[in-house]
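1. Need a 3D model of the sequence below.
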Amino acid sequence: MKLTIQTPIAKNYKAVFTRFDLELFKKLKPPVVSLEVERFDGCKKGDEVHLIVSGKKWVSHITDFYQDDNEIYFIDCGVVTPAPIKSWTHIHKIKKTGENECVIIDDIDFSTGNSLMDKLLYPALLAMFSLRRPIYKRELS
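-> Coordinates of the predicted model:
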């Protein structure tokens, strides 16, 4: 199932990307979730992120990184995900919309292996990722 959230930011897209670090990652944590970061390599291809999310292991590998004159993106793929999630791909895109403006796009594709369960999980994930919007604006503008 696909989930996409866009957040406009009043800053240059390259400057915004430099802030995608462990400090920002921790600030993006939803308030209802406990989070322990075991490993955070960064956002480039080959990097890994190892987490304990509400007591459950989550491991993502950064499988792609791209940068040009209009956008920067990286893709994290869940290789160990907590039930009920069986597959997870998250494209983090920062797209230039002006000299000092950009949009952050969280483009997520997930599956539990059951379409009904995907539909039930969708509103919770939408709510959790929507909570990132004011944090992005506060921390990155």
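2. Please, where are all the strands along this protein?
-> Residue ranges of the strands in the chain, as given by DSSP state E, are 2-9, 35-40, 48-53, 56-67, 71-80, 87-98, 101-111.
3. Flag every buried residue along the last one.
-> Meaning strand 101-111. E101, C102, V103, I104, I105, D106, D107, I108, F110, S111 (16 or more other C-beta atoms under 10 Å). For every residue, glycine as well, the C-beta is placed using N, CA and C.
4. okay if I get these as JSON lines plus distance to P134 and pLDDT?
-> Listed next are the buried residues of strand 101-111 as JSON lines, based on distance: C-beta to C-beta, whole Å; pLDDT from 0 to 100:
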{"residue": "E101", "distance to P134": "18", "pLDDT": "98"}
{"residue": "C102", "distance to P134": "17", "pLDDT": "98"}
{"residue": "V103", "distance to P134": "15", "pLDDT": "98"}
{"residue": "I104", "distance to P134": "12", "pLDDT": "98"}
{"residue": "I105", "distance to P134": "16", "pLDDT": "98"}
{"residue": "D106", "distance to P134": "14", "pLDDT": "98"}
{"residue": "D107", "distance to P134": "19", "pLDDT": "98"}
{"residue": "I108", "distance to P134": "19", "pLDDT": "98"}
{"residue": "F110", "distance to P134": "23", "pLDDT": "98"}
{"residue": "S111", "distance to P134": "28", "pLDDT": "98"}
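5. Hmm, D76 and F65 touching each other?
-> No: using C-beta atoms under 8 Å, F65 is not in contact with D76, being 10.4 Å away.
6. which of the two has more neighbours?
-> D76 (21 against 16; other C-beta atoms under 10 Å).
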